[in-house]
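Asker: here is my input; please provide its structure:
(one chain, ligands or ions: 1)
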Amino acid sequence: MESGTGHGHDAGAGETGSALKGLQVSQDGYTLVPATTSVPAAKPTTYAFRITGPDGKPVTDYTPTHDKDLHLIVVRRDLAGFEHVHPTLGADGAWQVRLSLAAGAGTYRVFADFAPAAGDGDALTLGTDLVVAGDQQPTPLPEPARTTNVDGYTVTLDGQLTAGTSSPLTLTVSKDGRPVTDLQPYLAAYGHLVALRQGDLAYLHVHPDGAPGDGKTEAGPRIKFYAEVPTAGTYRLYLDFKHEGTVRTAEFTATASAANSGGTEPAGKQGEGHEPGKPGSHGAPGEAATPEGADHGH
Ligand SMILES: [Cu+2]
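Answerer: Numbering: from 1, shown residues only. Model (predicted):
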């Protein structure tokens with residue numbers, strides 16, 4: 001058992017040892033069963049799946065988290081083409097949703113984030129792959145940056161991801177040089193943040209700090225989160241926020257530093273000070289991820 005990190009921002013206890021999510025298609029008796037594992041071309045398509053429970057039957061009762069029974073995150077394995085959608089549940093336990101698959105051909109990861117009503121209240125995130133046929137055009141992961149732009153909005157990231165620590169992150173939204181102070185609640189928060197680890201797409205818990213209507217959380221320009229990453233490395237952050245009736249996603253590449261930055265980590269393992277494409281760096285066992293930049297530095 002890991003020692004507590006004392007972040008205190010959890011919706012529920014009992015997450016010990018399960019901070020890494022989305023790597024398994026089946027966990028605790030629950031299984032993500034896609035109706036299909038491939039689609040013929042990259043165009044908007046209907047994606048269907050079921051969640052089966054410990055009795056092998058499709059789960060039809062869920063405990064809503066962030067206003068929804070189930071959140072579906074879809075992203076190509078090179079971290080392009082992020083979609084966060086909310087499927088509809090049929091009486092027979094079949095979920096359906098439209099996916100745009102706008103990044104084009106390639107292998108996508110599908111994450112289902114839900115809490116079965118019969119469970120202990122903890123949310124599970126199960127993952128499976130979806131192949132979109134065709135020739136993939138690789139998209140290099142953008143370099144780490146503190147500022148990103150989406151649809152005329154500028155979003156700035158403050159804070160430092162640190163392995164094993166609940167790290168405060170502040171995202172600040174502006175438009176046309178002015179801070180946005182009238183963000184709209186979206187799924188019971190002013191922002192939703194998903195973090196995926198480059199290399200295996202581990203899906204990370206990120207908790208908003210404060211909720212609309214709690215008397216202290218302002219509607220921008222700052223949105224605060226606590227993100228707990230398990231290891232040093234490169235992560236892609238996806239912030240969904242709503243303004244003037246539209247939900248947009250701001251994306252960042254961020255580098256997480258090692259828990260103990262005192263220099264005891266072997267070179268090449270730390271998230272910072274790396275040499276992109278450094279030859280001869282054979283990762284230690286259990287550290288299969290190549291240094292970031294190795295595939296993207298040219
Ligand atoms: Cu959602």
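Asker: elements contacting the least confident helix or strand in the chain by mean pLDDT?
Answerer: None of the helices or strands of the chain scores lower by mean pLDDT, DSSP states H and E than strand 206-208, at a mean of 81. If contacts are counted by 3 or more CB pairs under 8 Å, 6 or more residues apart in numbering; DSSP states H and E, strand 206-208 sits against strand 192-197, strand 222-228. For every residue, glycine as well, the C-beta is placed using N, CA and C.
Asker: quote the end-to-end distance of stretch 159-173.
Answerer: Taking CA to CA, to the nearest Å, stretch 159-173 runs 15 Å from one end to the other.
Asker: hmm, back to that, now tabulate the helices and strands packed on strand 206-208 in TSV and tack on mean pLDDT and mean neighbour count.
Answerer: Supplementary listing: the helices and strands packed on strand 206-208 in TSV, determined by pLDDT from 0 to 100; neighbours: other CB atoms under 10 Å:
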stretch	mean pLDDT	mean neighbour count
strand 192-197	95	23
strand 222-228	93	23
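Asker: save the ones you listed as TSV, and put in distance to Tyr203 too.
Answerer: Formatted as TSV, those follow (distance: least, CB to CB, whole Å):
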stretch	distance to Tyr203
strand 192-197	6
strand 222-228	12
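Asker: out of those, nearest to Val180?
Answerer: Within those, the stretch nearest Val180 is strand 222-228; the backing value is 9.9 Å (CB to CB).
Asker: give me the contacts around that closest one.
Answerer: 5, 7, 9, 19, 161, 164-173, 183, 190-191, 193, 195, 204-210, 237, 239, 241 (CB atoms under 8 Å, 6 or more residues apart in numbering).
Asker: now what about the helix or strand hosting Leu72, what contacts it?
Answerer: Assessed by DSSP states H and E, Leu72 sits inside strand 70-76. Strand 70-76 has contacts (CB under 8 Å, 6+ apart) with 47, 51, 62, 65, 81-87, 89, 95, 97, 99, 101, 103-104, 106-114, 130, 136, 139, 194, 196, 201, 203.
Asker: at 7 Å what do you get?
Answerer: 62, 81-87, 95, 97, 99, 103, 106-114, 194, 196 (CB atoms under 7 Å, 6 or more residues apart in numbering).
Asker: who touches Gly29 in this structure?
Answerer: Going by CB under 7 Å, 6+ apart, Gly29 touches Gly53, Pro54.
Asker: can you tell which of the helices and strands packed on strand 206-208 is closest to Gln24?
Answerer: Shortest separation from Gln24 across the helices and strands packed on strand 206-208 is recorded for strand 192-197, at 14.6 Å, computed as CB to CB.
Asker: toward the C-terminus, what is the element adjacent to that closest one?
Answerer: With elements assigned by DSSP H and E, the helix or strand that comes after strand 192-197 is strand 203-204.
Asker: quick check: mean pLDDT of that following strand?
Answerer: What strand 203-204 shows for mean pLDDT is 90.
Asker: circling back: now, the contacts of strand 222-228 that are in strands?
Answerer: The strands, defined by DSSP state E, take in 166-173, 193, 195, 204, 206-208, 237, 239, 241 from these.
Asker: next, Val155: secondary structure please.
Answerer: Using DSSP: H, G, I helix; E, B strand; the rest coil, the structure places Val155 in strand.
Asker: contacting residues for it?
Answerer: Going by CB under 7 Å, 6+ apart, Val155 touches Thr148, Leu171, Thr172, Val173, Leu239, Ala250.
Asker: the third one and Gly159 touch, don't they?
Answerer: No. Counting by CB atoms under 7 Å, Thr172 does not reach Gly159; the two are 10.9 Å apart.
Asker: any stretches of this protein with poor pLDDT?
Answerer: The chain contains residues with pLDDT under 70 at 1-19, 205, 261-298.
Asker: do you know how far the residue nearest to Leu23 when sequence neighbours are not counted is from Leu101?
Answerer: Leaving aside its sequence neighbours, Leu23 sits nearest to Ala202 (CB to CB, 6 or more residues apart in numbering; 5.8 Å). Distance from Ala202 to Leu101, counting by CB to CB, to the nearest Å: 22 Å.
Asker: buried residues in stretch 169-187?
Answerer: Leu169, Leu171, Thr172, Val173, Ser174, Val180, Leu183, Tyr186, Leu187 (16 or more other CB atoms under 10 Å).
Asker: could you do stretch 81-89 as well?
Answerer: By neighbour count on 16+ other CB under 10 Å, the buried set for stretch 81-89 is Gly81, Phe82, Glu83, His84, Pro87, Leu89.
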